[in-house]
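Chemist: Got a sequence here, can you model it:
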Amino acid sequence: MKLEWSPLAMDRVGKIAEYIYLDSPSSAKKWSNEIFDSTEKLLDLPNIGRVVPELEDKKIREIIKGNYRIIYRIDTNIISILTVRHTRQILLIEEINS
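Modeler: The predicted model follows:
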């Protein structure tokens, strides 16, 4: 299996980390490391996340890390990180289908 990040997901992690950085640089680094570390676990256990409730598609799953949803798709040999959203934000379907 291979893990790949969409440009949108990388952009979201960067923007969230920048926001956290304004308050605490060390927390921003810790948060982003935890996000990347939690996705690495998907290489061994791709089905560990729950099916995204809005979609009910077994290939599109999410893991929750703190207040954030890490949404990913499982394909034959690739796990694609699609987006990262705050749990209070509405999931936009365009982010999944892009």
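
Chemist: For the spatially most central residue of the chain, pull up the helix or strand it's in.
Modeler: Centroid check for the chain by Cα atoms, centre = their mean gives I70 as the closest residue, at 2.3 Å. Following DSSP states H and E, one finds I70 within strand 68-74.

Chemist: Which strands border that strand, and is each parallel or antiparallel?
Modeler: Applying DSSP bridges, strand 68-74 is found paired with strand 60-65 (antiparallel), strand 78-86 (antiparallel).

Chemist: Show me where this protein dips below the pLDDT cut-off.
Modeler: 98 (pLDDT under 70).

Chemist: how close does S6 get to K29?
Modeler: Distance of S6 to K29, given as Cβ to Cβ, to the nearest Å: 22 Å. C-betas here are computed from N, CA, C, even on glycine.

Chemist: Look at those two and report which has more neighbours.
Modeler: S6 (19 against 13; other Cβ atoms under 10 Å).

Chemist: Once you drop chain neighbours, what's closest to the more buried one?
Modeler: L82 (5.5 Å; Cβ to Cβ, 6 or more residues apart in numbering).

Chemist: Could you pull up the residues touching the residue nearest to the centre of the chain?
Modeler: A9, I35, S38, T39, G49, E62, I63, I64, I81, V84 (Cβ atoms under 8 Å, 6 or more residues apart in numbering).
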